[in-house]
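Enquirer: pasting the structure only:
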């Protein structure tokens, strides 16, 4: 049985162009910790006005061109927060504070990222989809058993997402065991090409859109950039008549945060830190996108149970961006 918080619903607008969302998912991407929760972590998250989080367990693929996937719900080598016990305990703590969970299983690819997964033969593609279906169904069953209301069927698998029939088969299999609502987390370079949105409840976007080439962009520059991205998003919304979730969005606390938001912190070690630019990127999102009728919610990458841990980093915790988040999450 699902614990339903009543955060949102949608219905067709009068001109039937866009779905309209009454209440939004105000979320973060929760980082599963090495150790168990000590108490107060989810209360702290709720204090900024958040009502949603995604939790991410991992499967492992040793080579982006190999069909073999390894995974385990329980494994002594896993971090506690990514194990079945940790996921469920975090879910339960979130429920106490009216914070819903989206389960968002992810593939960790050695020396690559999921967007590079591509088989070299039709036989290997069929083997990969068989492996992937078994992997994702394990977590779909877990999400159903524990009552998680949202489930993400895949993340940034953009060299596979053109295989519509294979993905529809996986979605059908998930629907047989899971009764909550489904999305797929398409990369911002991918979502326009996905054809199986019709079979899901939301269009999911990893929204790391580039916002400016300037070293010191102003808010007006970022707002202008968002307007061009919104045209593309809205054409997809009109086509499929589905609301959108930004399954991830985030910005490092660096001076170049708006240029290539997707770049990992380890690749920014020589870049000057800037709380102000990170916060400006947050502000631009909220001014440009947050009040769009079709936006069902957002999950900001990322949020640590025990607070900010390094520089540079994506987390807004303890920085100016957290105050922007608190302002908009608490006042909608």
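Expert: Done, it's in. All values reported here derive from a predicted model rather than from experimental measurement.
Enquirer: can you map out the strands along the stretch 1-150 of the chain?
Expert: 10-12, 19-21, 25-30, 52-55, 58-61, 100-103, 106-109, 150-155 (DSSP state E, counting those that start in this stretch).
Enquirer: got the contact list for the last one?
Expert: Counting by Cβ atoms under 8 Å, 6 or more residues apart in numbering, strand 150-155 makes contact with 25, 54, 100-107, 114, 132, 136, 139-140, 143, 161, 167, 170-171, 174, 178, 180-185, 200, 204, 206, 247, all of which sit outside it. For glycine as for every other residue, the C-beta is placed from the backbone atoms N, C-alpha and C.
Enquirer: for the protein, what's the longest helix?
Expert: helix 122-146 (DSSP state H).
Enquirer: got a list of what the most centrally placed residue in the chain touches?
Expert: By Cα atoms, centre = their mean, the chain has its centre lying nearest to residue 247, at 2.7 Å. The neighbourhood of residue 247, defined by Cβ under 8 Å, 6+ apart, consists of 54, 102, 104, 152, 155, 183, 185, 204-207, 299.
Enquirer: quick check, it in a strand?
Expert: Yes: Residue 247: assigned to a strand according to DSSP: H, G, I helix; E, B strand; the rest coil.
Enquirer: would you check how far apart it and residue 319 are?
Expert: 22 Å (Cβ to Cβ, to the nearest Å).
Enquirer: ok so, going back, what's the angle from the longest helix of the chain to strand 150-155?
Expert: 160 degrees (axes from the mean of the first three to the mean of the last three Cα atoms, to 10 degrees).
Enquirer: got the buried residues for helix 122-146?
Expert: 125, 127-129, 131-133, 135-140, 142-144 (16 or more other Cβ atoms under 10 Å).
Enquirer: returning to what we had before: which one of the strands of the stretch 1-150 of the chain lies closest to residue 261?
Expert: Closest approach to residue 261 among the strands of the stretch 1-150 of the chain (Cβ to Cβ): strand 25-30, 13.8 Å.
Enquirer: flag the shaky bits of the stretch 1-150 of the chain, pLDDT-wise.
Expert: 1-16 (pLDDT under 70).
Enquirer: what residues sit buried inside stretch 143-163?
Expert: 143-144, 147-158, 160-161, 163.
Enquirer: endpoints of that stretch, how far apart?
Expert: This stretch, stretch 143-163, spans 25 Å end to end (Cα to Cα, to the nearest Å).
Enquirer: how far away from the center of its chain is it?
Expert: Offset of stretch 143-163 from its chain centre (Cα atoms, centre = their mean, to the nearest Å): 10 Å.
Enquirer: residue at max distance from the center of the protein?
Expert: residue 123 (30.6 Å).
Enquirer: spit out the contact partners of residue 218.
Expert: residue 280.
Enquirer: separation between it and residue 328?
Expert: From residue 218 to residue 328 the distance is 20 Å (Cβ to Cβ).
Enquirer: now do the same contact list for residue 99.
Expert: So residue 99 contacts 42, 45-46, 50-53 (Cβ under 8 Å, 6+ apart).
Enquirer: quick one, helices of the stretch 101-250 of the chain?
Expert: Under the criterion DSSP state H, counting those that start in this stretch, the stretch 101-250 of the chain contains helices at 122-146, 164-177, 219-240.
Enquirer: mind giving me the packing neighbours of the shortest one?
Expert: In this case it means helix 164-177. On a contact count with 3 or more Cβ pairs under 8 Å, 6 or more residues apart in numbering; DSSP states H and E, helix 164-177 meets helix 122-146, strand 150-155, strand 181-187.
Enquirer: and these: which comes nearest residue 230?
Expert: That would be strand 181-187 among the helices and strands packed on helix 164-177, by Cβ to Cβ, at 16.1 Å.
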